[in-house]
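Visitor: just a sequence and a predicted model for now, questions to come.
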Amino acid sequence: MNSPEMSEKLLQAWLAVSGTVQNTRIVKDMTYNEAVICDYLWQQSKKKPNSLTATELCALTGMQKSLMNRTLKALIAKDMIIMEQNSWDHRRKPVRLNPEKEDVFLKTHNEALAYVQALMAHWDSRKAESVAAALNAIASAAKSLNSSKG
């Protein structure tokens with residue numbers, strides 16, 4: 001059932017959502033890429049190991065290595081992240097969120113959550129689950145498609 005009409009319908013929905021969300025500027029105090037990286041590092045801070053490498057962040061975010069390096073340098077300059085030399089493998093440089101600046105990230109994160117919660121006020125919990133599942137399926141399919149293009 002992948003008809004040209006359905007493709008057009010999905011494309012129009014995609015454009016409507018991405019244009020509306022982009023113009024809303026959910027992230028205000030940092031760039032979008034900085035916020036995405038900090039979010040991954042914040043999520044990772046709750047796990048072991050509590051850091052990720054630039055290579056791992058590239059894989060998670062889909063960012064090119066050069067953009068990742070520029071963004072990491074900007075976050076280091078803002079003291080938002082810490083990049084350390086690994087004592088047992090000098091090629092691996094773990095990156096983690098600076099615990100002293102976590103509140104700066106959480107302010108931005110909570111503002112984004114407030115926006116999402118305002119959207120969810122228009123739906124019941126079942127629809128919210130459905131939207132989350134659909135967005136995750138889109139992300140997974142796009143990641144698979146992008147990696148196959150190599």
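Guide: The structure has been received and is ready for your questions. Residues are numbered from 1 along each chain as shown.
Visitor: so where do the strands sit in the protein?
Guide: 81-83, 95-97 (DSSP state E).
Visitor: ok, and what's touching the worst-scoring helix or strand of the chain on mean pLDDT?
Guide: Ranked by mean pLDDT, DSSP states H and E, the weakest helix or strand in the chain is helix 4-24, scoring a mean of 84. Applying CB atoms under 8 Å, 6 or more residues apart in numbering, the set of residues contacting helix 4-24 from outside is residue 115. In short, each C-beta sits where N, CA and C put it, glycine included.
Visitor: closest to residue 142 out of the strands of the chain?
Guide: With CB to CB, the closest approach to residue 142 among the strands of the chain belongs to strand 95-97: 24.5 Å.
Visitor: neighbouring contacts of that closest one?
Guide: Residues outside strand 95-97 that contact it (CB under 8 Å, 6+ apart) are 38, 41-42, 44-45, 50-54, 57, 72, 80-84, 105.
Visitor: so which of these belong to helices?
Guide: Here DSSP state H is the test, and the contacts of strand 95-97 give 38, 41-42, 44, 54, 57, 72, 105 as lying in helices.
Visitor: among those, which ones are buried?
Guide: Under a neighbour-count criterion of 16 or more other CB atoms under 10 Å, the subset of the ones in helices among the contacts of strand 95-97 counted as buried comprises 38, 41, 44, 54, 57, 72, 105.
Visitor: most widely separated two among the residues you listed?
Guide: The largest distance within these, taken as CB to CB, falls between 54 and 105 and amounts to 18.0 Å.
Visitor: surely residue 98 and residue 78 touch.
Guide: No: here residue 98 lies out of contact with residue 78, judged by CB atoms under 8 Å, at a distance of 9.1 Å.
Visitor: more neighbours: which of the two?
Guide: A side-by-side neighbour count of residue 98 and residue 78, using other CB atoms under 10 Å, places residue 98 first with 17 against 13.
Visitor: residues near the closest residue to the more buried one other than its chain neighbours, how many?
Guide: Using CB to CB, 6 or more residues apart in numbering and skipping residues adjacent in sequence, the residue nearest residue 98 is residue 82, 5.2 Å away. Neighbours of residue 82 under the rule other CB under 10 Å: 17.
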